[in-house]
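Novice: Next comes the sequence, and after it the predicted model I'd like to discuss.
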Amino acid sequence: MPAIVTITIVTTAIKTKVYRSTTQAAIRGRLFTCIRAGSAFRPPIISVVKRAAIASVGLLLVIYIGDYLVLRARSHPYDTVTIQNYYAVPRKDGRTEYMLEEPVNQTCAHSLFPHSGFAPCWYLSRRTEKRENI
């Protein structure tokens, strides 16, 4: 004699029906999703990943807009950083010759992200030398 398992049937309607066995539910011709007693409903992994991606993009957008508003509220939002440019030219004997240019002042923004076409000052202050290989 088969054991009787209580199965909760979830339909698209608001009603929930309880059948004594799967054969009784199959006889009624219902399409259903079984949730066994004691198991929790778990959403598909794609749904969770999609929600996490949307939340991450939304959070990044909120931070960027907040950074822009703080930049506009500052009394001195822009500054200059001196950048030293130089060219690295390989020679035939295997050594490298360096040709220095005059230092250039580059405008930067006091922000976390680039705004108005200017790089953030925290980024430029760490990269004061710019090498170009020829």
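Specialist: Happy to help now that I have it. Numbering: from 1, shown residues only.
Novice: Look at Cys34 and report its pLDDT.
Specialist: For Cys34, the model assigns a pLDDT of 48.
Novice: so what's the backbone phi/psi at Thr128?
Specialist: Thr128 adopts backbone torsions of phi -90, psi -10, taken as degrees, to the nearest 10.
Novice: Sorry, wrong one. I was asking about Val89.
Specialist: phi -110, psi 120.
Novice: Provide a list of residues in contact with it.
Specialist: Val89 sits next to 96-99, 134 when contact means Cβ atoms under 8 Å, 6 or more residues apart in numbering. To be clear about C-beta, it is placed using only N, CA and C from the backbone, and glycine gets the same treatment.
Novice: cutoff 6 Å now
Specialist: Shown in contact with Val89 (Cβ atoms under 6 Å, 6 or more residues apart in numbering): 97, 134.
Novice: now it: how far from Glu129?
Specialist: 16 Å (Cβ to Cβ, to the nearest Å).
Novice: Could you do Lys92 as well?
Specialist: 26 Å.
Novice: Would you mind telling me which of these two has more residues around it?
Specialist: Glu129 (9 against 5; other Cβ atoms under 10 Å).
Novice: after the lowest-mean-pLDDT helix or strand in the chain, next one along is what?
Specialist: Ranking every helix and strand in the chain by mean pLDDT, DSSP states H and E puts strand 33-36 at the bottom, with a mean of 48. The helix or strand immediately downstream of strand 33-36 is helix 45-73, counting by DSSP states H and E.
Novice: Okay, domains of this protein per the record?
Specialist: 7-36, 45-133 (automatic domain parsing).
Novice: helix, strand or coil for Gln106?
Specialist: strand (DSSP: H, G, I helix; E, B strand; the rest coil).
Novice: Mind pulling up the pLDDT for the closest residue to it other than its chain neighbours?
Specialist: Once flanking residues are discounted, Gln106 sits nearest to Ile83: 5.1 Å by Cβ to Cβ, 6 or more residues apart in numbering. For Ile83, the model assigns a pLDDT of 94.
Novice: how close does Ile83 sit to Cys108?
Specialist: For Ile83, the distance to Cys108 - Cβ to Cβ - is 10 Å.
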